[in-house]
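Participant: Structural data only, the sequence is not supplied:
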């Protein structure tokens, strides 16, 4: 069914818009592939070789890409030159506020993490001022350490909460107890680079990263479950992150799976997927005391179960069954090519898999389960950070030759 | 968050592709608006007036649109001419296989139903041959009755099952017990018009129609629940129907909402939304005997409840509560602007609304419920038929001046 209904944002094209589109698509392909031949660019973009040659020249002149000779001689005839991103010359700063640490990284064009700084953080009582101060310090350290020839073209941040897309305000962040905190604006102000900070929900960004560079490469429909204290979600529909009407979609952790006698959830409701399959549910089911929590505690349950401990085994079965109901519901709704388990769900993946598979077999409609694949995150704990980096590159990739504010280290 | 990640289908643009895109966008705007001024087209497409004038001339020359003088003199200055679709000159045939009837309609460019034919159908034991024979007869009657100046530019069909997009095969249609039936190909063969028949899931098409012409006009994110014997779903994400990886997405009726002691579902599982909130659940809860079923029986329960009957009232509360859990889950996942209740859910809408609203208030995360609207279908029983019509127009709207097979009645 070829349904391409009109959406309100679709506009007409003129010469300038066409050229911008082609430059953006070209640079995006180079950025995502790391290196790609001119012949392959022509094939993927469905453009003739002379147009590709012109685009290569334009973006080379801007210093964004460079051509190198093809060393692979398997192909007959004159080898097509390879176009590579100028990873050392252009970078973004990416920030990630995770449950137990804050991270900043300098990521080069092409998606290469060039440098990173990490600071531990308290698990609660962490306010806006503390977080942006810490992140801005890490960011400054990265810029100070960067070579003078590298230019910052964007910023991006990941946060575990519901984010207003326009200005990066955290509308609702139950983990830190944040409500309506101007995170993006305040971080931009503290960094003082003259660049705004787009902010994304951590699971949305994890999904984006797995889609572009991880377990979902080449796949246009993907569900990503991000286990942390709660269970977040990022869903790729037709190659795009499902944002919904206001940016608050993908909250799969608050899907009610147990309406009868569900455990209370941090959101105020009960029986939500994250209440039944999150960290606390697992640790309670494994009879761990309340003061035991965190990633190491989760890993200990998985290890105990693998070693034959019955409590730990039961706990993984309990969590696996609820997770399985959630995953089956998501497959029926999204018909994804792959379901990716990230964050702490990587640590319990092997242990919960039999129950999850059982629920998928029982609850997913026949044709929707024909091809679906289950997988752990390929990018691991870097998924959200890499996703934040992609946010930072978005403006450059949208319009590579536009006059945008860029910060070169000499300005410091 | 401006996330526009690269999707594999994005290609470069050349002059010809740019012109095709502009013609398609122009004709789509005229088709969806019925009539729209040249000034408004220029504004919406972000193109200058001379380009719009050229596009108008091209599509007028092809007979697809015509210009009429603006009669509204409220605006100062020379009024911009109105571009209208040539509704009488170009049409599609749309087919709908509903639970109790089959329908065919001739729909003119601009989305106007020009003529329709309806046949009753048995509720079970209906095989492929019976359905395509009936539909082909209705289609032929429509063509015979059409004026000789009207040309058929496409076909489209709606079916209540999981459809393979490429060839319109019904992979799984539990209502009629169909598995892997070549519905689209066989209907095309019987019609013998030299046009293929794209087929869509009825709820996907209902969602599309409500998005383009109904309760979700102007909205880019919409969830449509279609009550029939089961509960189907169509979900618009960012202006596009959620198809998923193979066309089988949106199966919200098989979201498990009651994992403990759920009613058995036609899919072989139990506790699915449609098992708890579908027609049979409602009638059982209202203590109707098994031989009572169908739309009139559902309406009778709604009427009895409104008249104070306690059984009927309890039945609506029962269904409303499960429906509410499902709707709350969908709002958390999709952050839609509107949730539309279609098919038989229109008949119970007023009766279930309090319980649905209660669940939304309790289970949806704070910011996601700020703006969401609940609504009945605006197109009623025509939603799926109108959606099938849009499927039929898709090829013309994609490339208005392409050389495509068209059927004018003189060929008969």
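Facilitator: On my side now, so go ahead. Quick caveat, the model's predicted, so the values are computed rather than measured.
Participant: Quick one: low-confidence residue ranges for the stretch 201-350 of chain A.
Facilitator: Along the stretch 201-350 of chain A, no part satisfies pLDDT under 70.
Participant: again, 90 this time
Facilitator: A:228-229, A:260, A:266 (pLDDT under 90).
Participant: now the strands for it?
Facilitator: With DSSP state E, counting those that start in this stretch as the criterion, the stretch 201-350 of chain A has strands at A:222-227, A:231-237, A:240-241, A:338-343.
Participant: who's in contact with the first one?
Facilitator: Where contact means Cβ atoms under 8 Å, 6 or more residues apart in numbering or on different chains, the residues beyond strand A:222-227 that reach it are A:202-203, A:206-207, A:210-211, A:216, A:231-236, A:252, A:278-279, A:323, A:326-327, A:330-331, A:334, A:336-346, A:348, A:377, A:383-384. In this view, the C-beta of every residue, glycine as well, is placed from N, C-alpha and C.
Participant: between that strand and strand A:231-237, how many degrees?
Facilitator: Angle of strand A:222-227 versus strand A:231-237, following axes from the mean of the first three to the mean of the last three Cα atoms, to 10 degrees, is 170 degrees.
Participant: ok, strand A:222-227: who's next to it in the sheet?
Facilitator: With DSSP bridges as the test, strand A:222-227 is paired with strand A:231-237 (antiparallel), strand A:338-343 (parallel).
Participant: Buried deepest among those, which one?
Facilitator: Of the strands paired with strand A:222-227, the one with the most neighbours on average (mean count of other Cβ atoms under 10 Å in any protein chain shown) is strand A:231-237, at a mean of 29.
Participant: show me where the stretch 101-250 of chain A has helices.
Facilitator: A:128-145, A:183-191, A:202-213 (DSSP state H, counting those that start in this stretch).
Participant: Residue A:78: neighbouring residues, count only.
Facilitator: Using other Cβ atoms under 10 Å in any protein chain shown, the number of residues around residue A:78 comes to 7.
Participant: sorry, that was for residue A:197
Facilitator: 28.
Participant: residues in contact with the closest residue to residue A:382 other than its chain neighbours?
Facilitator: Nearest non-adjacent residue to residue A:382, counting by Cβ to Cβ, 6 or more residues apart in numbering or on different chains: residue A:113, 7.1 Å away. By Cβ under 8 Å, 6+ apart, the contact list for residue A:113 reads A:105-107, A:382, A:385-386, A:389.
Participant: Pull up the per-residue confidence for residue A:113.
Facilitator: What the model reports as pLDDT for residue A:113 is 98.
Participant: now it: how far from residue A:385?
Facilitator: Computed as Cβ to Cβ, to the nearest Å, the residue A:113 to residue A:385 distance reads 8 Å.
Participant: tell me, what's touching these two both at once?
Facilitator: Common neighbours of residue A:113 and residue A:385 (Cβ under 8 Å, 6+ apart) are residue A:105.
Participant: Out of the helices of the stretch 101-250 of chain A, which one sits most buried?
Facilitator: helix A:202-213 (a mean of 29).
Participant: which residue packs closest to residue A:383, ignoring adjacent ones?
Facilitator: Closest to residue A:383 by Cβ to Cβ, 6+ apart is residue A:206, at 4.0 Å.
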